[in-house]
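Sequence and predicted structure, then a few things I'm wondering about:
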Amino acid sequence: MSVTQGKGDDDKIYIGDMIQPSVQRGVPDLGARVSVLTADGQLIERLVCNLY
């Protein structure tokens, strides 16, 4: 997992999740994704890539 905040006028928070290990394949809501949140933690968007 990685977390960063935007630069300049972009105050959004970006959270990147890596793919799950093989023992967790098929578990819902785990995997490669980027979540975009407001500065106070409200979810704006979630980008998901289903690799399996």
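Nice, I can see it.

which residue packs closest to the residue sitting nearest the centre point of the chain, ignoring adjacent ones?
With distances taken as Cα atoms, centre = their mean, the residue of the chain nearest its centroid is Val34 (2.8 Å). The shortest distance from Val34 to any non-neighbouring residue, by Cβ to Cβ, 6 or more residues apart in numbering, is to Leu47 (4.6 Å). In short, each C-beta sits where N, CA and C put it, glycine included.

What distance do you get for that neighbour to Met18?
14 Å (Cβ to Cβ, to the nearest Å).

So the residue nearest to Val34 sits against Asp17, correct?
No: look at Leu47 against Asp17 with Cβ atoms under 8 Å: they stay out of range, at 10.4 Å.

Looking only at neighbour counts, state which of those two leads.
Taking neighbours as other Cβ atoms under 10 Å, Leu47 and Asp17 compare with Asp17 leading, 16 against 10.

what do Leu47 and Asp17 both touch?
Listed contacts common to Leu47 and Asp17 are 33-35; contacts here mean Cβ atoms under 8 Å, 6 or more residues apart in numbering.

Any regions of this structure where pLDDT drops low?
Low-confidence segments of the chain (pLDDT under 70): 29, 50-52.

could you pull out the helices for it?
With helices called from DSSP state H, the chain shows none.

just the strands in it please.
2-5, 13-17, 32-37, 43-49 (DSSP state E).

Kindly reformat these as JSON lines containing distance to Val23.
Below are the strands of the chain laid out as JSON lines (distance: least, Cβ to Cβ, whole Å):
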{"stretch": "strand 2-5", "distance to Val23": "22"}
{"stretch": "strand 13-17", "distance to Val23": "16"}
{"stretch": "strand 32-37", "distance to Val23": "16"}
{"stretch": "strand 43-49", "distance to Val23": "20"}
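
just checking, the residue nearest to the centre of the chain touches Met18?
No: shown here, Val34 and Met18 do not form a contact pair, counting by Cβ under 8 Å, at 10.9 Å.
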